[in-house]
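# no sequence on this one, just coordinates:
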């Protein structure tokens, strides 16, 4: 019997090796699947983000940067950590409404964490309860239109333009009615870069 | 003969060891990697579960309940490996969160300049109305709470001061908890009449 222990060990090692191979391949399949899902999410997310930016913030410098970035990624056909970080940096500059996208897992992992941990909405903007309208309803009561408004805190950095003419805040205060094509130049709270906002 | 047999056995042991040892090392390496992935997925699943629960709570403020009819899912119990189970659960939770957090409106910032009629202060910004189930606003005027509706006109008495409290509830995706933004304003009756 002792004579055959070597062969027995070899047979056992072959079976064990086979079993280990299966285990390794199962674990590798998990790893491959994980990476593939990550990339799928990333690509889906990028496409969605690119489209959102293209259609929603046309003319906005942040939107343009993201579109350019996406085009570069497509050109180089590469999605790397550097690209991901670059996108995260762009996301830092984007308003919170843009966060509602459909690749939540990627968002959870990559974007929201960084975005929300590093900068809350309140750091960029502040909230005010603005009384937009007061009307006399009758001798006893008034009608109020109260608007919760997110406004840019640092108004020293805002310059108002109307039809390319600079207008002062005092003029705006005296103005009654609606102004279309009002333009304001605001400094980005993070990058300090100046960008233009069109509004009314 | 015996010595020869011993030598052959020794060689066979060596071959057997050489066959198995690298695989054991490889398995321990991939197993460590797999455990890290599974751990991360478990954390993601827990965080998504918390997000879904938080969103349900927020939507209940508006008396609205999510409809998951379009979310088709089987149970993940039949899946043996934790990774595939978590992957399945995460997909289902993502779909539920999508119901709670998606909307069809344009994601555009409508910047406006508005003036406060009492203080004459000028503001540049936007009104971000809740477009998703997982976003709610309430307004409390002199102790009476109501769900805020955009453009809503509120009737107040001329003879009393007004205390307004606004609360906005939204999901914080980083910790899966509810973020509350609270703004208060007090207006005395004299400034209202003027």
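Ah, there it is. Values in this document were obtained by computation on a predicted structure and should not be read as measured data.
# which helix in chain B runs the most residues?
When chain B is scanned for its longest helix (criterion: DSSP state H), the result is helix B:2-61.
# what packs against it?
Applying 3 or more C-beta pairs under 8 Å, 6 or more residues apart in numbering or on different chains; DSSP states H and E, one finds that helix B:2-61 contacts helix A:5-56, helix A:104-106, helix B:82-101, strand B:135-141, strand B:162-172, strand B:177-187. The way it works is simple: take the backbone N, C-alpha and C, and place the C-beta from them, glycine included.
# Of all the ones you listed, which one is nearest residue B:33?
The closest of these to residue B:33 is helix A:5-56. By C-beta to C-beta, the value is 6.0 Å.
# now the closest one: mean pLDDT?
Per-region confidence: helix A:5-56 scores 77 on mean pLDDT.
# Can you pull out the low-pLDDT segments for chain A?
For chain A, the stretches with pLDDT under 70 are A:1-2, A:39-125, A:153-159, A:161-164, A:175-200.
# Mind doing that once more with 80?
In the predicted model of chain A, residues A:1-3, A:35-126, A:136-139, A:150, A:152-200 satisfy pLDDT under 80.
# And chain B, by the same measure?
Counting by pLDDT under 80, chain B contains low-confidence residues at B:1-3, B:66-80, B:98, B:101-113, B:124-132, B:172-175, B:189-194.
# Burial-wise, tell me which of the helices and strands packed on helix B:2-61 comes out on top.
Among those, ranked by average contacts under mean count of other C-beta atoms under 10 Å in any protein chain shown, first place goes to helix A:104-106 (a mean of 24).
# tell me which element residue A:147 is part of?
Under the criterion of DSSP states H and E, residue A:147 resides in strand A:141-152.
# name the helices or strands packed onto that strand?
strand A:125-136, strand B:122-126, strand B:135-141, strand B:153-157, strand B:162-172.
# Distance to residue B:186 added to those strands, as a markdown table?
Shown next, in a markdown table, are the helices and strands packed on strand A:141-152 (distance: least, C-beta to C-beta, whole Å):
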| stretch | distance to residue B:186 |
| --- | --- |
| strand A:125-136 | 10 |
| strand B:122-126 | 18 |
| strand B:135-141 | 11 |
| strand B:153-157 | 13 |
| strand B:162-172 | 5 |
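# Quick one: closest of these to residue B:24.
With C-beta to C-beta, the closest approach to residue B:24 among those belongs to strand B:162-172: 44.5 Å.
# How about residue B:64: what's its closest non-neighbour residue?
With C-beta to C-beta, 6 or more residues apart in numbering or on different chains as the criterion, residue B:64 has its nearest non-adjacent residue at 5.8 Å, and that residue is residue B:133.
# Hmm, the one you found is touching residue B:97, no?
No: counting by C-beta atoms under 8 Å, residue B:133 stays clear of residue B:97, with 10.2 Å between them.
# Identify the contacts common to those two.
Here residue B:133 and residue B:97 have residue B:55 as joint contacts, going by C-beta atoms under 8 Å, 6 or more residues apart in numbering or on different chains.
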